[in-house]
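Colleague: Whatever this is, show me its structure:
(2 chains)
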Amino acid sequence: MKIRYTDVLVVGGGLAGLRMAIAVRRRGHEAVILSLVPPKRSHSAAAQGGMQASLANVIQGQGDNEDVHFEDTVRGSDWGADQEVVRMFVHTAPKAVRELAAWGVPWSRVRKGEREVVINGERVGVTERDAAHGLVAQRQFGGTRKWRTCYASDGTGHAMLYTVSDLAIAAAIPVHERMEAIALIHDAGRCHGAVVRNLMTGELTAYVAKASALATGGAGRLYRVTTNAVICEGMGQAIALDTGVAALGNMEAVQFHPTGIFPAGILVTEGCRGDGGLLLDGDGHRFMPDYEPEKRELASRDVVSRRMEQHIAAGKGARSRFGEHLWLDITLLGREHIERNLREVQEICRNFLGIDPVTEPIPVRPAQHYTMGGIRTDHTGESPTLKGLFAAGEVACWDMHGFNRLGGNSVAETVVAGMIVGESIADFCDRSANDAVVSTGLARDFLGREQVRLDGLLKGGGGENANALKAAMQKVMTDKVGIFRHGEALAAAVEELQQLVERSRHLGVGYKAAGANPELVVAYRLQLMLRLALCTAAGALARTESRGAHYRDDYPRRNDEAWLQRTLALWPDPADTLPTLDYEALDISSMELPPGWRGYGARDHIAHPDAQLRQADIDHVKVEQAGADRFALQEALMPFRHLLPERYRGPNERLAEGMS
Amino acid sequence: MSTRDPDRPRGLRIEVLRHNPADSASRPRLQGYDLAEAPGMTLFIALNEIRETQDPSLQFDFVCRAGICGSCGMLINGRPGLACRTLTQDLDAHIRLAPLPVFELIGDLSVNTGKWMRAMGERLQSWLHDGSAADVDRVEAAMDPDLADEIYELDRCIECGCCVAACGTARMRADFVGAVGLNRIARFRLDPRDGRGDGDFYELIGDDQGVFGCMALLGCQDVCPKDLPLQAQIAFLRRSMARQGFG
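Modeller: Here you go, the predicted structure:
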């Protein structure tokens, strides 16, 4: 029996995992990172357009601050977010950008003087301030009132990941590559590490740790057409769910990105629209202003994706041999802009479509993009029900995105959550009460259980093919749990997925090697992925309203009266074919921004009876605080600073705003 | 190519160099697979189809499948390249695939670039060397926008290993850092946030394992999927390091 011990086991070598490991290492704790692939190959590298932080450096970002970022994020979430967490996030995001700048990220920088930008299809001259020359530049993204998205051309995630990954090497943090956590070791509500499979040899090892931190990213591969990397199969969420103790939050909240290239689903950044690109239909008509006159192409992603699909359904799509799509036109931005700021986009278009976006429009259609749901954590990043289990980044439902994430907030979340959760893990490890007390018998039991499961797949001679079932699952999710949802289709999806669960209990694996065995990997992951798919589909069926990316055409209104609640999904018994759903209410009486209209999208919702009461409270506080600065007012409305690690509580300096 | 009839797909024959070093009975061999070409088919799509329908044992690596992560470097008809963004329509119907040479073989088309990346990072200390800790509450230090663009240009490397596989020196001596490593140094050398000077870089690369090992065969730049100006960087570094050595 092979057991390894460490203070902190970090599962996942992307930005969130690396940043957490660096944080705990700096606090003197030992960390080991497990990664399916070399860390620099993680899906974080695919983030193109940028990271939101309210630096207010560019002229179009003037007046931006944490308050504006907070409001944009909460509206973007369609009031599904945890507002305290959003506050923690927007406060720390500028620190994260500045830390990364000091660490070496080659952020694009502001150039003083006049320049031309494209706004609403028109070329407009703007003048950047002398004082801002050389500071981190920012571009526009959807759903934001200020230009806030910091970027390194359109390879932002790549630049960030390389810097942070190299810093983890500098800190001598070991990364065990091609290693997969396949189960969490836990006992009496306490997580003690993971059973880990070596993908090259097939060997199992128990990693025993004081704290375990999952940072395995999203679950886009539940869908057939996704912008996600092939490793984004949701295994972090799945092994947490498999404990029967940790809950998943809001798994029905799935984001579709408006501009996946058609038909491959490869992402081209929202920066294309942020920088002035337009969406055109099959007739070459710019249709978004018809639907969303206020925000046009720059409404939030859920709204734009829905409008695109609606427009295609109305017969306005462009036809191709693969089906219908729309066009993303960035030709008006000009060659120089594209070759400086949208280089990856140009490369992708050339390599996968054989076109140059400088002269030709890009065929696009919405594709699955982001998993808002995930392992439910509190503001420290810890599971409220499974002590010692932490999660950060896309795998988590820390819940700053609610039901729709704004572009530029995910790669920001990876590092910000890494900073904050990393500190809380270090605090956790500092407390002697949390020392690891694990019997080797427990580790042996879990190792044995997993070995039996894998042997069963290898030796059992079932007739079901894992690849075929996986394709069937992806089809059900894409056809029935997609952008537009309906009760009947969702009910059918739940039933079909349950049948797939039953069938997945009779898999036959043709290739019998115990070591590197791609077929075995598909088989053991599929059984877990099906449970995630069911959490998503069952959660969507139960939620009889529309909120953010979750849109029910049979319940098109957001219903705050009934559904200002976070879904919790649990899987207590492995023999089940359905999750157990539970709900936790979002407390309106403590919200800094009570629910209202988002500023784009549908204008009617069923109001919560307490929304007006809370608004009256807020108005009262504002009168009381008349003349106070924005920090004091914010503190009076919804205190959050005490939730942050002490080192991140300081105010953020800006050009127009000194250190108050 | 557009001249082909889309309703009559080509038959592709893909030959893969198979070997499993973990199995003592395994001998390197070419194995052929036949499949029908589909419109827009990349080697990513083709290899996955082969694995799902013909041979579940076939080992290869893909992550982003979008030309961003650098996982899928392999020899495509003898030339290093990224398989995910190679369209089969740009190749003859007979395609031969082999793992990248120079790197440790994991199995079939999968090589251990991760182990190499880590070792290279440790050896070249490829992170910013800076004595002062940043005050993250304060406005960040300014940087000239053109310089930031220049650094970004070199930072775009995805460490796919194609340049190493195409390098004459790397084929002959395993300790050569390769164009990828030299580009990394060039990137830090350009960065005013890095406290190291040429004397420090000379210690790292001022020998045959470093910048003086390059034979200037240009293979690295020919195959670089990101079109990085590798030879110019190496030439420039070599001159600076020579000056340092003589100084």
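Colleague: distance between the helix or strand where A:Glu519 lies and the chain's centre?
Modeller: According to DSSP states H and E, A:Glu519 maps onto helix A:518-542. Put simply, helix A:518-542 sits 18 Å off its chain's centre (CA atoms, centre = their mean, to the nearest Å).
Colleague: Flag every buried residue along that helix.
Modeller: Residues of helix A:518-542 classed as buried by neighbour count (16 or more other CB atoms under 10 Å in any protein chain shown): A:518-541. C-betas here are computed from N, CA, C, even on glycine.
Colleague: elements contacting whatever helix or strand comes next after it?
Modeller: Following helix A:518-542 in sequence order, the next helix or strand is strand A:558-559 (DSSP H and E). Contacts defined by 3 or more CB pairs under 8 Å, 6 or more residues apart in numbering or on different chains; DSSP states H and E place strand A:558-559 against strand A:605-606.
Colleague: Flag every buried residue along the helix or strand just after the strand it packs on.
Modeller: Next along the chain after strand A:605-606, taking DSSP H and E as the criterion, comes helix A:611-624. By neighbour count on 16+ other CB under 10 Å, the buried set for helix A:611-624 is A:611, A:614-615, A:617-618.
Colleague: any idea of the mean pLDDT for helix A:611-624?
Modeller: Averaged across helix A:611-624, the pLDDT comes to 96.
Colleague: so after that helix, what's the next helix or strand?
Modeller: helix A:630-637.
Colleague: hmm, that following helix in reach of chain B?
Modeller: No. Helix A:630-637 does not reach chain B (CB under 8 Å from any CB of the partner chain); its nearest approach is 13.6 Å.
Colleague: just checking, what packs against the helix holding A:Glu519?
Modeller: Against helix A:518-542 (3+ CB pairs under 8 Å, 6+ apart) you get helix A:235-242, helix A:440-459, helix A:466-480, helix A:487-503, strand A:565-570, strand A:580-585.
Colleague: Point out the most buried one among those.
Modeller: helix A:235-242 (a mean of 26; mean count of other CB atoms under 10 Å in any protein chain shown).
Colleague: contacts for that one?
Modeller: With CB atoms under 8 Å, 6 or more residues apart in numbering or on different chains as the test, helix A:235-242 has contacts from A:11-12, A:180-184, A:194, A:214-217, A:219, A:246, A:248, A:251, A:371, A:373-375, A:383, A:386, A:389, A:391, A:395, A:525, A:528-529, A:531-532, A:535, A:569-571, A:574, A:579.
Colleague: Is it possible to mark the buried ones in these?
Modeller: A:11-12, A:180-184, A:194, A:214-217, A:219, A:246, A:248, A:251, A:371, A:373-375, A:383, A:386, A:389, A:391, A:395, A:525, A:528-529, A:531-532, A:535, A:569-571, A:579.
Colleague: Return the member of the buried residues of helix A:611-624 nearest to B:Leu43.
Modeller: Comparing those against B:Leu43 with CB to CB places A:Ala611 closest, at 54.6 Å.
Colleague: Please tell me how far the closest one sits from chain B.
Modeller: According to CB to the nearest CB, to the nearest Å, A:Ala611 stands 35 Å off from chain B.
Colleague: Can I get the helices and strands packed on helix A:518-542 in JSON lines including mean pLDDT and distance to A:Trp79?
Modeller: Below are the helices and strands packed on helix A:518-542 laid out as JSON lines (pLDDT from 0 to 100; distance: least, CB to CB, whole Å):
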{"stretch": "helix A:235-242", "mean pLDDT": "98", "distance to A:Trp79": "23"}
{"stretch": "helix A:440-459", "mean pLDDT": "95", "distance to A:Trp79": "40"}
{"stretch": "helix A:466-480", "mean pLDDT": "97", "distance to A:Trp79": "26"}
{"stretch": "helix A:487-503", "mean pLDDT": "98", "distance to A:Trp79": "22"}
{"stretch": "strand A:565-570", "mean pLDDT": "98", "distance to A:Trp79": "11"}
{"stretch": "strand A:580-585", "mean pLDDT": "98", "distance to A:Trp79": "12"}
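Colleague: What mean pLDDT does the longest helix anywhere in chain B get?
Modeller: Longest helix of chain B, by residue count under DSSP state H: helix B:230-246. Averaging pLDDT along helix B:230-246 gives 94.
Colleague: Now do it: which elements does it pack against?
Modeller: Using 3+ CB pairs under 8 Å, 6+ apart, helix B:230-246 is in contact with helix B:178-190, helix B:198-205, helix B:219-223.
Colleague: Reformat these as JSON lines; add distance to chain A and mean pLDDT.
Modeller: Listed next are the helices and strands packed on helix B:230-246 as JSON lines, based on distance: least, CB to the nearest CB, whole Å; pLDDT from 0 to 100:
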{"stretch": "helix B:178-190", "distance to chain A": "8", "mean pLDDT": "97"}
{"stretch": "helix B:198-205", "distance to chain A": "14", "mean pLDDT": "96"}
{"stretch": "helix B:219-223", "distance to chain A": "15", "mean pLDDT": "96"}
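Colleague: Filter the contacts of helix A:235-242 down to just the ones in strands.
Modeller: A:11, A:180-184, A:194, A:214, A:248, A:371, A:374-375, A:389, A:391, A:569-570 (DSSP state E).
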